[in-house]
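Chemist: Starting from these lines, generate the structure:
(chains A and B)
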There are 2 protein chains.
Amino acid sequence: MTLSLALFLGMQAVPALAASEPIQPIPAAKAKDAGLVELGKKLYFDTRLSKSGFISCNSCHNLSLGGTDNLKTSIGHNWQKGPINAPTVLNSSMNLAQFWDGRAKDLKAQAGGPIANPGEMAFTHELAVDVLQSIPGYVAEFKTVFGNDKVTIDGVTKAIAAFEETLVTPNSRFDKWLKGDKKALSKDEVAGYSLFKDSGCTACHNGAAVGGNSFQKMGVVESYKASSPAEGRVAVTKDEADRFNFKVPTLRNVELTYPYFHDGEAATLKQAVDTMGRIQLGRQFTDDENGKVVAFLKTLTGDQPSFKLPILPPSSDATPRPAPFDK
Amino acid sequence: MTLSLALFLGMQAVPALAASEPIQPIPAAKAKDAGLVELGKKLYFDTRLSKSGFISCNSCHNLSLGGTDNLKTSIGHNWQKGPINAPTVLNSSMNLAQFWDGRAKDLKAQAGGPIANPGEMAFTHELAVDVLQSIPGYVAEFKTVFGNDKVTIDGVTKAIAAFEETLVTPNSRFDKWLKGDKKALSKDEVAGYSLFKDSGCTACHNGAAVGGNSFQKMGVVESYKASSPAEGRVAVTKDEADRFNFKVPTLRNVELTYPYFHDGEAATLKQAVDTMGRIQLGRQFTDDENGKVVAFLKTLTGDQPSFKLPILPPSSDATPRPAPFDK
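Modeler: Residues are numbered from 1 along each chain as shown, chains lettered A, B, ... in the order given. Purely as a prediction, here's the structure:
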């Protein structure tokens, strides 16, 4: 009923206004296999996918916190300092590729990365599968979902990706405005959107995710001195032209996903807007302009994920125990 | 409706059977101020109560994992190895005191401990309050709940305790059996309960929480060589007679709260039952007996917490940022 109404409103309103705009309303999540999503949700919250038994997907992509950890760079196994800011998982299914350098083609390919990264969850796919295979509750759920009681990393990452694909955030105030509700935004917020477009921000931050659909150089007009060692897209393509090119982050829910940039060095939206204006567009926003753009950006916060905290099946006597204090 | 029915069943069935048993059915949670509980739930999940911005109450008392971290000893700030096994938060409102040594008289007193413990969340009460006071969403919620927009550590711990008091787990199969549903347990499970009583386990593990209501010496018949430096109740009372006395843990949901003992050295229920029989009761359970007691213990798993993952209010530009890599 709610979905039908949303679709109805969307179909009516988009042609009237949004179609001519560089940003489109975010579509609701596509219906997925409910059992697969439920399994993926459990795995997303399961700390047993890490060597320590302490770190889950949700540790760094915390769904209580806009799908991020709100840290400059993440904390990995043995409190290692990560090299890069954790991007939000919210609306990540709309990205052209995953990770800041796009090295994973989709969410399924991404999901296996942190599990086996020695600086993150520090496990291996084989050990993660061994753990899950020893847990009767998971074996039964894999059997129901995949028709096979053999746990595989392919099934694990498929389920996590399916859950992540549900994490879209429709119904932001901006989307309501795009769909024709003129009272959804204040005068300053609309002025901020105009500035955002007129200044050229939408050259990169466009589409339904307001970003996520291209790689761009960080520091077009002025160079950017990053505190992170990350080289950007060149690490994937080996093409020097891609040095310091990063995936343009989505600005959906950007009020929640501080700090900003791949090195997390911009603590506030005010700083992020100021820096982006200068280094990408050669424009120094006044305080008044900055305030308006920030006011617009805060209208991009949509419905946050809404589901019950998953209860995880217990380990069995045969389950390999975590080794948090092994290096 | 469900609550009334449960009370009705409880009132009918308890006199018939449970009243003569050393274990009583677990009562449903008392109704509390819903706004206070909701605020407490958010704080329980909020990593910003730690210096690192990475550790919340739920990190070590994980409600997806039986209210524990399923580690021998917990991981604190900077990956410090904790001195003791994290006890479950489930049904902890029924404990005679909090922590293994009972140094906190109630959940409110307990809640402030880990926040300021340098080996756990490594923050201070003052800094935690400063962070919350800078977050408009929290200030508004404190105003609604306490009628005052000044955040205090007293309000913080009161709210967390109120949430924790809702974390009771009624309706285990054992409780259904106690209330008269004879088909709720198998023959082996009933035999396990008889062994549990006849062997003397109920001398300490009794009452609605099957423990939690006394301090007892770890190692009555045989001494126990702990891997933990914890001294037990003597640390609180300074009375040498209390050396190595620990709060008897609840056995509710014990299938979920592995590993066992204050040092977490018993990885499985089989090991825990074997050790307890030997060192506390001077009894060597046979494999068959051990299996039956373990089967009984697994009937103590009740309804797990059921609520939506809380969405936390975002920090403001004025919020002090976390310092995960400061020692």
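Chemist: Now whichever residue of chain A sits closest to chain B. Nearest residue, chain neighbours left out?
Modeler: Sorted by distance to chain B under CB to the nearest CB, the residues of chain A start with A:Trp79, at 3.8 Å. In this view, the C-beta of every residue, glycine as well, is placed from N, C-alpha and C. Distances taken as CB to CB, 6 or more residues apart in numbering or on different chains place B:Trp79 nearest to A:Trp79, at 3.8 Å, with adjacent residues excluded.
Chemist: The one you found touches A:Lys81, doesn't it?
Modeler: No. Proximity of B:Trp79 to A:Lys81 does not meet the contact threshold set by CB atoms under 8 Å, at 11.5 Å.
Chemist: more crowded one of those two?
Modeler: Set side by side, B:Trp79 and A:Lys81 show unequal neighbour counts under other CB atoms under 10 Å in any protein chain shown, the larger going to B:Trp79 at 16 against 13.
Chemist: which one is A:Asn58 nearest to, not counting chain neighbours?
Modeler: Nearest residue to A:Asn58 in three dimensions, chain neighbours excluded: A:Phe45, at 5.2 Å (CB to CB, 6+ apart).
Chemist: Might you report the residue contacts of the one you found?
Modeler: Contact analysis of A:Phe45 by CB atoms under 8 Å, 6 or more residues apart in numbering or on different chains lists A:56-58, A:309-310, A:312, B:64.
Chemist: where exactly do the strands run in chain A?
Modeler: Applying DSSP state E to chain A gives strands spanning A:75-76, A:80-81, A:215-217, A:245-247.
Chemist: residue contacts, A:Val220?
Modeler: By CB under 8 Å, 6+ apart, the contact set of A:Val220 is A:279-281.
Chemist: Pull the most distant pair out of the contacts of A:Phe45.
Modeler: For the contacts of A:Phe45, with distances taken as CB to CB, the pair at the greatest spread is A:Cys57 and A:Leu309 (14.1 Å).
Chemist: neighbour count winner among the two?
Modeler: Remark: of A:Cys57 and A:Leu309, A:Cys57 carries more neighbours, 25 against 22, as counted by other CB under 10 Å.
Chemist: shouldn't that one be in contact with A:Ile160?
Modeler: Yes. With contacts defined as CB under 8 Å, A:Cys57 counts as touching A:Ile160 at a distance of 6.7 Å.
Chemist: list residues touching both of those two?
Modeler: Common contacts of A:Cys57 and A:Ile160, defined by CB under 8 Å, 6+ apart, comprise A:43-44, A:111.
Chemist: In contact with A:Pro87, which residues?
Modeler: Each residue near A:Pro87 by CB under 8 Å, 6+ apart is listed here: A:68, A:99-100, A:247, A:249.
Chemist: hang on, the earlier thing: would you list the strands of chain A in JSON lines and tack on mean pLDDT?
Modeler: Below are those laid out as JSON lines (pLDDT from 0 to 100):
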{"stretch": "strand A:75-76", "mean pLDDT": "98"}
{"stretch": "strand A:80-81", "mean pLDDT": "96"}
{"stretch": "strand A:215-217", "mean pLDDT": "98"}
{"stretch": "strand A:245-247", "mean pLDDT": "98"}
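Chemist: in the stretch 151-300 of chain A, which spans are helices?
Modeler: Per DSSP state H, counting those that start in this stretch, the stretch 151-300 of chain A has helices spanning A:153-165, A:173-178, A:187-198, A:234-237, A:269-281, A:287-297. These are given in chain order.
Chemist: In CSV: these, plus mean pLDDT.
Modeler: Output for the helices of the stretch 151-300 of chain A, formatted as CSV (pLDDT from 0 to 100):
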stretch, mean pLDDT
helix A:153-165, 98
helix A:173-178, 98
helix A:187-198, 98
helix A:234-237, 97
helix A:269-281, 98
helix A:287-297, 98
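Chemist: and of the ones you listed, who's closest to A:Phe123?
Modeler: helix A:153-165 (10.9 Å).
Chemist: Most neighbours among the contacts of A:Pro87, which one is it?
Modeler: Taking other CB under 10 Å as the neighbour criterion, A:Trp100 ranks highest of those with 26 neighbours.
Chemist: What residues does that residue make contact with?
Modeler: Going by CB under 8 Å, 6+ apart, A:Trp100 touches A:84-85, A:87, A:230, A:232, A:246-247, A:262.
Chemist: if you set the cut-off to 10 Å instead, what comes out?
Modeler: Taking CB atoms under 10 Å, 6 or more residues apart in numbering or on different chains as the criterion, A:Trp100 is in contact with A:83-87, A:215, A:218, A:228, A:230, A:232-233, A:235, A:245-249, A:261-263.
Chemist: do A:Ile153 as well
Modeler: The neighbours of A:Ile153, taking CB under 10 Å, 6+ apart as the test, are A:111-112, A:115-116, A:124-126, A:128-129, A:132.
Chemist: which among these gets closest to A:Leu178?
Modeler: The closest of the contacts of A:Ile153 to A:Leu178 turns out to be A:Ala111 (CB to CB; 31.3 Å).
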